[in-house]
Every structure is written in C-alpha cells, then in structure tokens.
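J.: next come a sequence and a model predicted from it.
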Amino acid sequence: MINDKTAEGKRLLSNSEKDVPLEKWGPYLSCRQWGTVREDYSSNGQPWDYFTHDQSRSRVYRWGEDGIGGISDINQQLCFAIALWNGKDPILKERMFGLSNPEGNHGEDVKELYYYLDNIPTHYYMKFLYKYPQEAFPYDELVNENKQRGKDQPEYELLDTGIFNEERYFDVFVEYAKNTSTDIFIRISVVNRGPETAEITLLPTLWFYNFWQYHPGATKPLIQWMNNGCVKATHPHLEDYYLYFPECRDVLFTENETNFKKLFGRDNVCAHVKDAFHDAIVTGKDYQALLDAKQGTKCAPVFRKDIPSQQSEEFYLRLTSKKQDNAFPKGFENIFDQRKKEADEFYDNINRNKISDDQKNIQRQAFAGLLWNKQYYHYDVGRWLTTSDGITPDSMQRLNGRNSRWKYLKNQDILSMPDNWEYPWYAAWDLAFHCITMAQIDPVFAKHQLTLLMREWYMDPRGQLPAYEWNFSDVNPPVQAFAALEVYRAEERMFGKGDLEFLKSIFQKLIINFTWWTNRKDADGNGVFEGGFLGLDNIGIFNRNMVLPGGTLLEQADGTSWMGMYALDMMDIALEIATKDPSFEDTATKFYEHFVIISEALNKLGLWNEEDKFFYDVLSINNFQNIPLKVRSIVGLTPLFAVSMISSKIVSQLKDFSKRMEWFRQYRKTNNLFQPVSNRDKTDCILLSMVNKETLADLLTRVFDENEFLAPGGIRALSRYYKDNPYSMKFGGDEYTIDYVPGNSNSNMFGGNSNWRGPVWMPMNYLIIRSLRTFGAFYGDDLKVEFPANSGNKISLNDACSEIKRRLLGIFEMNGKNERPVFGPYNWFYSKEENKNLILFHEYFNGDNSMGMGASHQTGWTALVANLIMELSEEEKMMIADE
C-alpha cells in the first residue's frame with residue numbers, strides 16, 4: 001500500500017490535490033512519432049510511407065516529438081533526450097530504429113535494445129538503459145532480411161545480426177533525479193562492455209517543439225548560449241529554463257525546422273535545420289557555423305570520449321527553472337542516491353509481504369515500464385482533417401477518410417500508452433488494464449485516466465469510446481466499468497475507504513456508453529451482441545470486422561459476454577453507491593435486468609453447443625439458419641467473465657432491489673426461463689453468472705487441459721487441438737481455415753503484428769483469474785477440478801487461480817537453467833552478468849514455450865504481472881498464518 005509518510009507518498013498526496021494530478025516534467029517524450037496516423041497528411045492514408053524513419057531526423061513533426069530516454073514538460077514545449085555516435089554509423093542515434101509495418105515479416109517492430117529500469121509516479125527518480133553497438137548499426141541488414149522472410153519464419157532481430165557478439169557495445173544509462181518539480185539533475189553513464197578502448201560521442205540535446213510553423217506571427221522560443229557550461233531556454237508559454245553541463249568547448253545550435261531542400265527540393269526557411277547535427281558530427285559539415293550560431297531552437301553540448309574496456313564515463317547535467325551561481329555544488333551527486341533510496345522505500349511499502357529478490361526486480365521493472373510509457377498525446381482531428389502540414393495540400397479523400405466521423409475529438413493530454421514505440425497512441429481497452437496496475441502505485445492518476453477517456457473531447461456524442469487512432473470507430477471490449485471497480489477497490493484496500501465520488505462520476509458517463517452498445521450492437525434486439533473483432537485481431541476464422549452478405553449477422557459469444565460482464569459491473573457499481581446513496585438503487589435493478597436478459601440470450605439462442613460443451617460464435621442467416629463457427633478459442637471462455645457475488649447483507653439492505661430481484665427470479669422459475677442466479681447458504685451470498693455450475697465445470701475441463709488451453713505460461717487464446725486438426729469452413733464462395741499458431745501471426749489480418757491463435761495474453765488471463773476467484777469464493781470445496789486435466793490432481797478453484805498466476809509469473813522468472821522463458825533463444829545474451837536482471841514485458845507470449853512476442857515493451861497491460869506478484873505473496877502469507 002502507499003504510505004503517505006514516505007517522501008514519494010507525500011509528493012503523491014500533494015499532486016492529488018491538483019486538477020490534473022501530474023508533474024510538470026516527466027517521461028512524456030515518445031519513442032516514436034514518425035509513422036503515426038496523426039503525422040499522416042497523405043490522401044491515401046498510408047502513415048508508414050508518408051513519414052518514415054529516414055525522414056524523421058530531417059523533418060519537423062506536427063503533433064509531438066520523440067527521442068531516446070527523454071523527458072519533456074507536460075505540454076511538450078521543451079524536450080530533452082540523448083543523441084549518440086559511435087564513429088561508424090552514417091547518422092546519429094537520435095531516436096529508436098524499427099521496421100515499418102510493410103517492412104516487417106510480422107508487421108512493425110522496434111529493432112533496438114533498451115530497458116526501463118526504474119521510475120516512480122512523480123518521476124523524482126527515473127532510470128533508463130540503452131545498448132548501443134560499437135560497430136555500424138545494421139539498418140539495411142535488418143530491413144532487407146526481414147523483408148525476405150515469410151510469415152512462417154521468425155523475425156530477424158538485432159541480436160541475430162551478431163553485432164553484440166564479443167560484447168562490443170556501450171551500456172548507456174540515463175538517470176533523472178529531481179531536486180524540485182522544475183529542477184532536474186541528469187546523470188548519463190556510458191559503460192564500455194567491449195574488449196578494447198572505444199570512442200563515443202554524446203550529445204545531450206535540448207530543443208523546442210516547433211509550434212510556430214502553424215502560427216504565423218507567434219513569438220518564437222529561443223535557446224541561447226550563456227557560457228561554455230550553460231544555455232538558457234526562453235518560451236512565450238513557459239518559465240525560463242537553464243541547462244547546465246560540464247564546461248564544454250563545443251556547443252552546437254540549430255533550428256528545429258524541416259530540411260525542405262533535402263527532402264522536397266525547395267528552399268529552407270533558415271540556414272541551419274533539424275538534421276544539422278547529423279552532418280556536423282558525422283561529416284564535419286557546417287560544424288563551425290553551428291558553434292558560432294550561439295542560439296537556436298535546438299542545442300547540444302558535444303562530449304567525445306575514448307572509454308577503455310570495462311570502464312565507464314559519467315556526465316552530469318542540470319535542467320532547472322532557476323538560474324544557479326553554482327549548478328553543481330559539492331556533493332550534488334548524492335541526490336541520485338537519495339532519490340533512489342526514496343524509490344526503494346516507496347516500493348517496499350507497496351508490497352510489504354515477503355517476495356524473492358527476482359520477483360521484486362520483475363515487479364519493479366513492470367511498474368517502471370508502465371510509468372515510462374506515460375506519453376504526451378496531441379491530436380485535434382478536426383484541425384488535422386481540414387489543414388495542411390505545409391508539405392501536402394488538403395484533399396477531399398482525407399477530409400472524408402480515416403477518422404472523419406470524429407471531428408470533435410481534441411486530445412492533448414498525458415496518457416498511458418501500450419508501448420510508446422510500437423503503439424505510441426492510446427487504446428481504449430488497453431488503457432483500462434493499465435489503470436488496474438497503476439492503481440497499485442498511483443490510484444489518483446489511474447482514476448484520472450479512466451475519467452479522461454469519458455470526457456466530451458474523447459467520447460463520441462452518441463456514447464462510443466474512441467478505440468485508437470488507426471480507426472477510432474473500431475470497437476474494443478467494454479472493460480472500463482470493470483477497471484473502475486478494480487481501481488476503486490484497490491484504493492479502498494490501501495486507505496480503508498474508496499472514492500465514491502469517482503464511482504458516481506464515471507458511472508454517469510458509463511451509462512451513456514452502455515446505451516450506445518445496446519442501441520448499436522444488438523441488431524435484432526434479442527440480447528445477442530455483435531461488435532466485430534473486439535480487440536482480438538485474428539481470433540476469428542475470418543475477419544470479424546468484414547461486411548457480411550445481406551441478411552447475415554455474426555452473433556458473437558464474446559460480444560454478448562462482454563455486455564453481460566458490463567451489465568454486472570454496472571450493477572456492482574450502482575450497488576456500491578446505493579449503500580450510501582439510495583437514489584442509485586433503481587439503476588442497480590435496471591442493470592440486473594439487463595444482465596438477466598443477456599444471460600438468457602447467450603444460453604438459449606444457440607451460442608452454447610451442448611455436444612461440444614463450448615460457446616461458439618454463430619452466423620445467423622436471415623434469422624432462419626444458424627451456423628455455429630466451431631472454433632474453441634478465448635471467445636468461448638468470455639462467458640466466464642460475467643460473474644459477481646453479492647452479499648445477502650447488501651441485498652437485504654436495499655429493499656427495492658431485493659424485492660425486484662426476487663420477483664424476477666420467481667417469474668423466470670414459473671415460466672421455465674434461464675436462471676442466472678444461485679444461492680449458497682455456506683457463503684451467505686448470491687452468485688450472478690452467465691454459466692451454471694455444470695457449464696462451468698465443462699468449460700474448465702478444456703481450460704485446464706494442456707492439449708487445449710493450458711500452456712506452460714498460462715491460458716492460451718486458442719486451443720492447441722487445432723495444431724493437428726485445423727478447422728475449415730466454406731462461406732460466400734470462399735474457404736476459411738484456422739489453425740494453432742503459438743508464436744507470431746501467420747496472416748496479414750489487422751497488420752499481422754498481433755496473434756490470438758495460440759499465444760498467451762496477460763489481460764485475458766487476468767480476467768480468467770478474477771472470474772475463477774469469484775466462482776471459488778462461492779463454491780469453495782464443493783467444486784474441485786483436475787489441474788492439469790486428466791492428472792488425477794483435484795484442487796479448488798482458488799488453488800487453480802494460484803497455479804495460473806505461478807505459470808504467468810514463470811514467464812519472467814529465472815528458472816533452474818538460469819534462463820528466463822520470455823527471452824527464448826536469446827538467453828545466451830541475457831544470462832551475461834550485466835544483463836541477467838533485465839526484463840522485457842512483451843505484448844503476448846508463445847503458447848508452447850512462453851517466449852515474448854509482439855511489441856517488446858508492452859508494460860501497458862503486461863504490467864498486470866506486478867498485481868499477480870502482490871496477490872501470490874498475500875496468498876502465501878495467509879497459508880503460513882493458517883498453518
């Protein structure tokens with residue numbers, strides 16, 4: 001729990017009183033701004049082609065900035081990051097390199113080695129690591145080799161090139177330690193891991209975002225030379241800032257302006273442009289002119305060092321809003337130790353139970369990654385649609401193209417990103433899961449994020465939540481109510497009291513979104529919902545977003561189940577509020593009735609297959625013919641998610657709700673209708689669930705079967721049965737097939753960079769665990785299951801939850817071979833002494849061997865492992881107490 005007696009706890013308490021609970025400075029700088037939808041002004045809607053990595057060093061961004069291990073102010077006016085040169089690359093290493101979607105054999109993918117080592121919610125201490133090769137970076141090799149590989153081949157990674165063999169690389173650590181919110185000490189430590197002395201050039205870079213390009217006549221900001229150890233940054237909308245650094249003979253200045261001459265063959269607006277440092281350092285071009293400039297909107301001192309083998313160099317800087325007579329007083333370095341100690345104290349109080357050092361490290365880096373992925377996000381769709389970027393003229397195709405229905409959407413906030421290189425934009429359902437983990441360390445920011453997405457500058461006037469910038473109109477699973485409850489309960493556990501005003505506020509907005517779902521996604525009004533791909537990319541035998549022939553509907557087991565879960569979560573929120581404010585009691589009744597109707601539709605209208613004992617999507621043709629799509633996937637397990645247990649005490653307290661519930665139950669019993677309510681005297685509780693005890697047992701037989709869903713690292717998204725038994729069907733003159741693919745996707749569906757046909761996904765496992773925990777609390781030892789199936793080992797559902805958690809944690813833990821399954825064939829690199837404690841939190845994990853797949857820094861929802869570590873430690877503590 002958060003201790004407000006710690007230094008970080010006190011800072012968090014102070015921030016909680018702000019309208020926006022954020023620090024002025026943080027890791028808000030993205031890893032990638034190029035190749036994003038918001039920077040795409042093409043008429044054909046091809047972001048990867050319109051703004052490439054090769055152009056990014058020469059071309060000014062419209063909607064944000066990017067850099068390596070960088071920070072910015074909350075409005076991203078002033079930015080700081082590092083640039084590096086090893087003396088052999090053709091360009092400076094100024095931003096992370098990766099493949100665009102068309103270049104990768106499995107879509108876009110960053111091809112760098114970097115790690116989020118530490119961070120705390122106020123960012124008073126942060127630590128980042130980048131591994132920089134000493135030989136020429138293999139840009140072309142990575143592109144060409146991946147282009148040649150097929151979907152059935154693994155990705156060609158940076159470690160495959162051999163460039164890290166013989167340890168010929170630098171470890172570049174970037175640490176930030178704040179003295180105050182606007183006084184930041186910076187330590188850059190460069191370690192030569194190689195066998196020989198190696199040269200490195202470091203450019204700690206300060207620059208302004210170019211807002212003036214679209215505001216003619218605006219006062220332009222300025223960075224100016226003060227002396228050989230200081231520059232001053234002046235901005236019309238910021239207080240003055242000073243960057244102090246060790247006395248340096250060479251301080252380069254240029255302008256953050258596009259090199260039009262290089263890219264587009266027309267005159268530049270000024271003499272020195274954005275990419276000037278690249279030419280000056282690599283070729284010497286205009287080097288003296290950049291030294292003589294003494295002012296500009298981009299600036300960097302230049303440090304060149306020969307670092308002996310196994311030795312390191314440290315560089316200290318200070319970015320502050322106050323002019324300093326002595327920027328680096330004696331003992332100033334101690335602030336890094338002090339802030340690190342405060343971070344240790346903060347996290348020791350978060351998890352007070354005993355856990356292993358390895359688990360502490362995993363959890364700490366999971367939290368760090370989540371915090372490092374807080375990013376400034378700016379996208380005014382109305383302005384984007386109707387204006388030019390000064391390079392490509394306006395076009396009717398763009399005006400009526402991507403996101404044209406979202407003209408009112410005006411985002412300019414700090415948001416929690418899934419992965420700020422591969423997914424440097426928010427996603428509605430990802431963010432909900434982020435908040436569940438964020439609530440363990442900063443519940444105020446978690447609440448702020450959930451509420452923010454409901455605001456009028458995000459939510460559609462009709463009630464739809466924006467999915468993500470590639471298509472805001474796509475539909476993601478409605479998990480916001482679930483996340484709101486999780487955040488509320490986390491804060492309640494910490495402080496003994498939940499934030500009822502937060503629940504009330506978000507509940508009102510969620511009603512609007514729930515109504516949108518019922519009006520838009522239940523075409524026949526029968527309680528069976530559609531929704532399209534619902535965030536599960538290639539889970540279907542065909543693209544579930546595609547328009548089906550006239551009269552045909554895809555009635556989705558998961559769409560229906562998500563709505564059943566949504567209704568129950570809304571009921572639970574209403575009940576929680578109603579115990580203090582009776583005016584919400586009627587609303588609880590309304591959502592209870594919604595849940596009952598949806599549950600009956602799921603069970604009685606053909607989605608449950610009695611022969612296979614599984615839920616399937618169904619093709620409904622003209623309301624006459626129903627064709628079940630017999631694919632055993634996570635889609636058929638989503639009915640488990642809609643479960644809630646209500647205390648009889650609460651029901652008796654709410655007389656009207658109790659009366660209405662009892663009437664409903666008796667009516668359905670008399671008329672032989674589906675009954676989603678169970679009572680159990682032992683627990684003095686009522687269980688609401690879409691599945692009864694027998695259906696639950698049937699489903700879990702498959703879930704815990706290692707030849708179906710149970711993987712070494714958790715629960716798979718598709719049954720392993722299809723490895724040897726692919727499922728095919730003919731529809732509309734085409735034949736479709738689905739088979740078990742445990743690793744990367746073998747199709748181009750949804751860009752081909754995600755795969756739901758076999759891997760393990762952390763958020764779905766988290767939901768399964770949450771559901772089984774509720775079932776376990778209700779049934780206790782009355783329902784035991786074989787785990788694994790056919791093993792003869794019968795355990796309770798609560799014990800099964802713990803087993804799943806251990807398998808998920810085992811993805812990251814060091815095993816008996818001193819290897820971490822997440823790294824797969826690259827454990828040769830991660831078993832080295834300097835790398836053995838590094839962790840990456842991937843988007844999903846191989847269903848056979850747990851190797852990390854997809855986005856490699858998705859400490860968005862994969863950070864949920866931090867929650868699981870806390871829960872396992874609590875369970876072990878209780879077991880010891882029982883003994």
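T.: Looks like it arrived, so ask away.

J.: strand partners (parallel or antiparallel) of the helix or strand bottoming out on mean pLDDT in the chain?
T.: Lowest by mean pLDDT, DSSP states H and E among the helices and strands of the chain is strand 677-680, with a mean of 71. Here strand 677-680 is paired, per DSSP bridges, with strand 685-689 (antiparallel).

J.: neighbouring contacts of the partner strand?
T.: Here strand 685-689 makes contact (CB atoms under 8 Å, 6 or more residues apart in numbering) with 568, 571, 592, 595, 599, 642-648, 651, 676-680, 696, 774-775, 777-778. Every residue, glycine included, has its C-beta placed from N, CA and C.

J.: next structured bit after it?
T.: Counting by DSSP states H and E, the next helix or strand C-terminal to strand 685-689 is helix 693-703.

J.: contacting residues around the least confident helix or strand of the chain?
T.: 661, 665, 685, 686, 687, 688, 689, 692, 693, 778, 779, 782.

J.: just stretch 540-547 next, same as before
T.: 474, 532-534, 536, 554, 556, 617, 629, 631, 635, 727, 729, 731, 736-738, 749-750.

J.: got the CA coordinates for that stretch in PDB?
T.: In PDB, the C-alpha atoms belonging to stretch 540-547 read as follows (Å, rounded to 0.1, in the frame of the first residue of the first chain):
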ATOM      1  CA  GLY A 540     -11.900 -15.400 -35.900                       C
ATOM      2  CA  ILE A 541     -11.800 -17.900 -38.800                       C
ATOM      3  CA  PHE A 542     -12.400 -14.800 -40.900                       C
ATOM      4  CA  ASN A 543     -12.000 -11.100 -40.200                       C
ATOM      5  CA  ARG A 544     -14.900 -10.400 -37.800                       C
ATOM      6  CA  ASN A 545     -15.000  -6.700 -39.000                       C
ATOM      7  CA  MET A 546     -15.800  -7.600 -42.600                       C
ATOM      8  CA  VAL A 547     -19.200  -6.700 -44.000                       C
END
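
J.: got the buried residues for that stretch?
T.: 540, 541, 542, 544, 545 (16 or more other CB atoms under 10 Å).

J.: could you find the closest non-adjacent residue to residue 275?
T.: Closest residue to residue 275 apart from its sequence neighbours, by CB to CB, 6 or more residues apart in numbering: residue 58 at 4.1 Å.

J.: got a list of what that neighbour touches?
T.: Applying CB under 8 Å, 6+ apart, we find residue 58 in contact with 258, 259, 262, 263, 273, 274, 275.

J.: circling back: pull out the buried members of the contacts of strand 677-680.
T.: Taking 16+ other CB under 10 Å as the criterion, what is buried in those is 661, 665, 685, 686, 687, 688, 689, 778, 779.

J.: all helices for the stretch 751-883 of the chain, in order.
T.: Remark: helices assigned in the stretch 751-883 of the chain by DSSP state H, counting those that start in this stretch are 762-779, 797-810, 827-830, 864-882.

J.: and the residue nearest the centre of the chain, what does it touch?
T.: The centre of the chain sits closest to residue 418, judged by CA atoms, centre = their mean, with a distance of 1.9 Å. Neighbouring residues of residue 418 by CB under 8 Å, 6+ apart: 373, 426, 427, 430, 434, 843, 855, 858, 860, 861.

J.: state the pair within those residues that is farthest apart.
T.: 426 and 843 (15.4 Å; CB to CB).

J.: residues near residue 149, how many?
T.: Per other CB atoms under 10 Å, the neighbour tally for residue 149 reads 14.

J.: what sits closest to it if chain neighbours are left out?
T.: residue 105 (4.1 Å).

J.: and residue 345, by the same measure?
T.: Closest to residue 345 by CB to CB, 6+ apart is residue 6, at 5.0 Å.

J.: just confirm residue 414 contacts residue 373, I think it does.
T.: No: judged on CB atoms under 8 Å, residue 414 makes no contact with residue 373 at a distance of 10.7 Å.

J.: so for the two, which sits in the more crowded spot?
T.: Comparing residue 414 with residue 373 by other CB under 10 Å, the one with more neighbours is residue 373, at 27 against 23.

J.: in contact with the more buried one, which residues?
T.: Here residue 373 is in contact with 116, 416, 417, 418, 419, 420, 857, 859, 860 (CB under 8 Å, 6+ apart).

J.: same question for stretch 657-674, mean pLDDT?
T.: Mean pLDDT, stretch 657-674: 81.

J.: ok, now stretch 504-512?
T.: For stretch 504-512, the mean pLDDT works out to 97.

J.: go on, stretch 356-363?
T.: For stretch 356-363, the mean pLDDT works out to 97.

J.: show the contacting residues for residue 703.
T.: 637, 709, 710, 715, 768.

J.: mind redoing it with 7 Å?
T.: Contacts of residue 703 were listed using CB atoms under 7 Å, 6 or more residues apart in numbering, and they are 637, 709, 710, 715.

J.: could I get those residues as JSON lines with secondary structure and neighbour count?
T.: Converted to JSON lines, those look like this (DSSP: H, G, I helix; E, B strand; the rest coil; neighbours: other CB atoms under 10 Å):
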{"residue": "637", "secondary structure": "helix", "neighbour count": "25"}
{"residue": "709", "secondary structure": "coil", "neighbour count": "28"}
{"residue": "710", "secondary structure": "strand", "neighbour count": "22"}
{"residue": "715", "secondary structure": "strand", "neighbour count": "23"}
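
J.: farthest-separated two in these?
T.: Within the contacts of residue 703, 637 and 710 form the most distant pair, 12.0 Å apart (CB to CB).

J.: if we can go back for a sec, pull out the buried residues from the contacts of residue 418.
T.: 373, 426, 427, 430, 434, 843, 855, 858, 860, 861.

J.: the closest residue to the third one other than its chain neighbours and residue 406, how far apart?
T.: Take residue 427 and drop its neighbours on the chain: the residue closest to it by CB to CB, 6+ apart is residue 468, 4.3 Å away. The spacing between residue 468 and residue 406, counted by CB to CB, to the nearest Å, is 11 Å.
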